[in-house]
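A.B. asks: The following block contains a protein sequence and its predicted model.
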Amino acid sequence: MSSRPLAIWWIRRDLRLCDNPALMAALAGGSAVLPVYVLDEQDAALGAAPKFRLGLGLERFAQELAKVGSRLILRRGRALDVLQQLIRETGAGAVHWSRLYDPQAIARDTDIKQRLAAQGIAAKSHGGRLLFEPWTVETKTGGMYKVYTPFWKAVRGRSVTSLLAAPATLPAPENWPVSEDLTAWDMGAAMHRGADVVASYCRVGEDAALNRLDGFLEDTVDVYKERRDYPGEDATSGLSENLAWGEISPHRMWHLGRAAMERGSQGAEHFLKEIAWREFAYHLMYHSPHMLTSSWRDEWQAFAWVQDITPQVLAWQRGQTGYDFIDAAMRELYVTGKMHNRARMIVASFLTKHLMAHWKIGMDWFAEALVDWDPASNAMGWQWVAGSGPDAAPFFRVFNPSGQLEKFDPSGTYTRRWIAEGQGNAPQSALDFFDAAPLSWNLSTDTPRAEPVISLKEGRDRALAAYHDAREDR
C-alpha cells in the first residue's frame, strides 16, 4: 500500500505523453501514477491488423514510459474486474481515462464510472480524442449536423484546447503490481505470415508521429490540396495509423496546421478540413450509432445488395479483379495495412456498385485489414461511397477505376509499386504481396494477371438499374 495518493491512468487509444488530459488529471495533486492497459473483450475482438498494430503500439509505448521512470502494467479480462482488482492491490483512489465514443465503449465506461463511484473511487473520463465533444456542436435549431459543409463552417473558428507538454517524469507507485507479458498475448496471431511484412511499413509511436507531422508541414503541405489525390505521390500526412491509436492528438495536428495556414501554406486549410471530416464522422457515430451496423438512411435498408461472399468479392479482397487501380489498392492494403484515400473511394465504389456487394462486406474487410482502423471513419467512409450514409455521394455516381487511374496515376507509378505481374524487375513492395498473402490463396509471381471479373459497363448498368428500381419501389 502506497503512502502517497495513487491514481490509475487507464490507457486505451491514447498511446502518447503529449496532449493527454487524462494523464495530466492523474498527475494532479501530486499523485503517483499507475499506467494500465486492459485487454478486455472489446479489444480482444479487434480484427487481425488493428489488433496487431495495437500490440506494436503498446510495445513502443512501454519503452517511452520507461524513459520517464514509469512502467506499463498489462492485464487481461473484463475491464471493471481488472480495475477493481488493481484498486484492491494498490489502494488507488482514482481512475482516469480518455473517452471513446462508440456505443460499446460508452456502455462499458458508464457502468465502470457508476460502479467505481459507488465504491468511493474518483472515476473520471476526459477528452483528448476529439477536438470538440459531440454534445457541444449543434445546429441553430438543435440536434446534430447531418451535412459536412455546415459542420465545417460551425467548427472552423471554434477554440481548440491548448497543447499540453509531456511530463518529464511520472511519479511511480512505491510497489508495482504484477504485469502480464505482452508477448504471451500474441497480438499478431491472426496476421500469420503477413505480420513481418506489414510491420515493416508501420510507423509506430509518438516520436514517429510528431516527426511525420513536422515533416509534412515543412515539406509537403503546400501541395496537399492539389496532389493528395495522387496515390503514387507522398503528398499526404501519413498520420492515420498514429491518430487511430492516439500516438498523436488531433489538437496538435489542428494547432500546427492552423499555424501553417497563417504562415501562408497553401494546402493547410484543406488539411484542417480533413481533420474536421474525421471529427464529423465521430459526431455522427455518437448521435446515430446504428451507422456502425446498418444503413444510416432508412430507405436503403431494403436495397438489393449482394449479401454473400461471391467469387467476385473474393477476387476483390485478394487484389485479383483484373483492374489495375482496384488490385493495386487492395494489395497495398494487404501489404501495408493502409490504403491511399482516393484508392479507398475507388475500391469501395467498385465493390458496392460494380459488384453490388453490401457495404458492410467492405467495411468488415477493412476492419480486419487496416492498421489505421477507426470505427467512425470506416463506417462513414463506406456508407458515404455506397450512398446509404449522411451527406453521401449519390448512388448513381459510379467511379470508373480505369478512368480514375488515367487521371490520378498517369505515369503508372502506383500500379507498378503494387502489381508485380508483367514487370521484369518488380519492386520489393509489389513482391511483398506474395509474401504476405495466405498460402491458401495459391498466388505467386508466376500467377497470370487476372482477367476482369466484370465488364465496367455491365457493372455500372446493373447498379443504376437497381437504383432505379429501388426508387420506384419507395
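C.D. replies: Good, I have the coordinates. For clarity, every value in this text was computed on a predicted model and none was experimentally measured.
A.B. asks: Where does the record place the domain boundaries for this structure?
C.D. replies: Listed domain ranges for the chain are 1-127, 130-161+193-287, 298-473 (source: automatic domain parsing).
A.B. asks: closest to T183 out of the ones you listed?
C.D. replies: domain 1-127 (8.8 Å; CB to CB). C-beta: built from backbone N, CA, C; applies to glycine.
A.B. asks: low pLDDT regions in the stretch 1-150 of the chain?
C.D. replies: Low-confidence segments of the stretch 1-150 of the chain, defined by pLDDT under 70: 1-3.
A.B. asks: Please, where are all the helices along the stretch 201-350 of the chain?
C.D. replies: 206-219, 224-227, 240-244, 250-262, 268-287, 311-317, 324-336, 341-349 (DSSP state H, counting those that start in this stretch).
A.B. asks: which of the ones you listed sits most buried?
C.D. replies: helix 324-336 (a mean of 26; mean count of other CB atoms under 10 Å).
A.B. asks: just how off-centre is that helix within its chain?
C.D. replies: Helix 324-336 has its C-alpha centroid displaced from the chain centroid by 17 Å (CA atoms, centre = their mean, to the nearest Å).
A.B. asks: could you give the angle of it to helix 341-349?
C.D. replies: Interaxial angle, helix 324-336 versus helix 341-349 (axes from the mean of the first three to the mean of the last three CA atoms, to 10 degrees): 110 degrees.
A.B. asks: any idea of the mean pLDDT for helix 324-336?
C.D. replies: On average, the pLDDT along helix 324-336 is 98.
A.B. asks: And that helix, what does it pack against?
C.D. replies: Counting by 3 or more CB pairs under 8 Å, 6 or more residues apart in numbering; DSSP states H and E, the packing neighbours recorded for helix 324-336 are helix 195-199, helix 311-317, helix 341-349, helix 359-369, helix 401-408, helix 413-418, helix 428-436.
A.B. asks: May I see the buried residues of stretch 136-154?
C.D. replies: Within stretch 136-154, the residues that count as buried by 16 or more other CB atoms under 10 Å are V137, M144, Y145, K146, Y148, F151, W152, A154.
A.B. asks: Can you name the residues that contact Y282?
C.D. replies: Y101, R129, L130, P134, A376 (CB atoms under 8 Å, 6 or more residues apart in numbering).
A.B. asks: Report the secondary structure state of the second one.
C.D. replies: The reference is to R129. At R129 the chain is in coil, as set by DSSP: H, G, I helix; E, B strand; the rest coil.
A.B. asks: pretty sure it contacts S98?
C.D. replies: Yes: the criterion here is CB atoms under 8 Å, and R129 meets it with S98 at 5.8 Å.
A.B. asks: Show me the common contact partners of those two, please.
C.D. replies: Listed as contacting both R129 and S98 by CB under 8 Å, 6+ apart are R13, D14, G246.
A.B. asks: how many neighbours does the nearest residue to the first one once chain neighbours are set aside have?
C.D. replies: Distances taken as CB to CB, 6 or more residues apart in numbering put G246 closest to R13, at 4.4 Å, once the chain neighbours are dropped. If you count neighbours by other CB atoms under 10 Å, G246 ends up with 23.
A.B. asks: for G246, phi and psi?
C.D. replies: In terms of degrees, to the nearest 10, the main-chain angles of G246 are phi 70, psi 30.
A.B. asks: isn't it right next to C18, touching?
C.D. replies: No: if you go by CB under 8 Å, G246 and C18 don't touch, sitting 10.6 Å apart.
A.B. asks: And stretch 217-227, how far out from the chain middle?
C.D. replies: For stretch 217-227, the distance to the chain centre is 22 Å (CA atoms, centre = their mean).
A.B. asks: And that stretch, end to end?
C.D. replies: 14 Å (CA to CA, to the nearest Å).
A.B. asks: Give the rounded mean pLDDT of it.
C.D. replies: Stretch 217-227 comes out at a mean pLDDT of 96.
A.B. asks: So which residues make contact with that stretch?
C.D. replies: 233-237, 256-257, 260, 265-268, 270-271.
A.B. asks: what's the lowest-pLDDT member of those residues?
C.D. replies: Q266 (90).
A.B. asks: neighbours around that one, how many?
C.D. replies: Neighbour count of Q266, defined by other CB under 10 Å: 14.
A.B. asks: Which residue, other than its chain neighbours, is closest to R99?
C.D. replies: S125 (4.8 Å).
A.B. asks: Going by neighbour count, list what's buried in the helix or strand harbouring that neighbour.
C.D. replies: Using DSSP states H and E, S125 sits within strand 122-126. By neighbour count with 16+ other CB under 10 Å, strand 122-126 contains the buried residues A123, K124, S125, H126.
A.B. asks: can you check stretch 75-91 too?
C.D. replies: So, applying 16+ other CB under 10 Å, buried residues of stretch 75-91: R75, A79, L80, V82, L83, Q84, L86, I87, T90.
A.B. asks: if I look at the fourth one, how far off is E180?
C.D. replies: Right, V82. 10 Å (CB to CB, to the nearest Å).
A.B. asks: and for these two, which residues touch both?
C.D. replies: R75, R76.
A.B. asks: want to throw the helices of the stretch 201-350 of the chain into TSV with distance to Q428?
C.D. replies: TSV is the format used below for these (distance: least, CB to CB, whole Å):
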stretch	distance to Q428
helix 206-219	21
helix 224-227	24
helix 240-244	20
helix 250-262	31
helix 268-287	30
helix 311-317	23
helix 324-336	10
helix 341-349	20
